[in-house]
Structures are given as structure tokens and as C-alpha cells.
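Colleague: fold the following for me, if possible:
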Amino acid sequence: QVQLVESGGGLAQAGGSLTLSCVASGGDDFSFWTMSWYRQAPGRQREMVATIASGYNTDYSHLVRGRFTISRDNAQKRVSLQMDSLEPEDTAVYYCKAQIRTYPFSSTYWGQGIQVTVSS
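Modeller: This is a model prediction of the structure:
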């Protein structure tokens, strides 16, 4: 069973930085997983923030592109999200997601979420 544990959230001031980490346990070869960060603000739907594929291709929400950077360390089974130039609108619960494709199956796993609060 795959488990994802997020860390690094908390309180930051606008213009500041935070780094989120997600460490995976269980499952097979982490290097083949597509890893993503999502977030959900109160009263809003969960939205994709950033994704990094097994080949290190990345994709970002237009809301964070140029401010956030996603990276992965396959040896440590870790995905990180460096968040710079934070804005109050970035306040949300952030979730780590793993997409594991083992043909013909696909499985999705979520972390428990971690709070990020940005004060103005």
C-alpha cells in the first residue's frame, strides 16, 4: 500500500517562501510515478498546482508558474514544491498525489494534506 506524507507547511508572509515535501512509502519503482501537488482553499474545488512526470517533464497552473518549482528525488522517493513570492491567494491545504500506471491499471494515492497560510 502506498502512503504519502507531506511536510513543510505553515505560515508565511506575502512575498515569502515555503518548501513542501512529500515522501512516499510502499509501492514499486517511484521513478515511474507521476507526482503532483494540488491545493484546496475553503469553499473552492481542489486544483492542480504542479506536476512532474517520470521523465522530469513538469507542468504548472498558470496561477503559480514562475513562482513555484516542483522537483523530485527518486532515490529518496520524495517530491518537493518550492514556493516563492507567496501571495495570500496561495493560502490552502496542499495535497501530494501519486499516479501509478501499471498497464492496464492506474492507481491514484493522496497524502493527508498540509496547511499553507500566507498573510498579507
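
Colleague: quick check: phi and psi on the residue of the chain most remote from its centre?
Modeller: Going by CA atoms, centre = their mean, the residue of the chain most distant from its centre is Pro104, 25.3 Å out. Per-residue torsions, Pro104: phi -90, psi 20 (degrees, to the nearest 10).

Colleague: ok, it - contacts?
Modeller: By CB atoms under 8 Å, 6 or more residues apart in numbering, the contact list for Pro104 is empty. C-beta coordinates here come from the backbone N, C-alpha and C atoms, glycine included.

Colleague: ok, longest strand in the chain?
Modeller: As assigned by DSSP state E, the longest strand anywhere in the chain is strand 92-102.

Colleague: so for the chain, the centremost residue is which one?
Modeller: Trp37 (2.3 Å).

Colleague: does that residue touch Val93 like I think?
Modeller: No - counting by CB atoms under 8 Å, Val93 is not a contact partner of Trp37; they are 11.2 Å apart.
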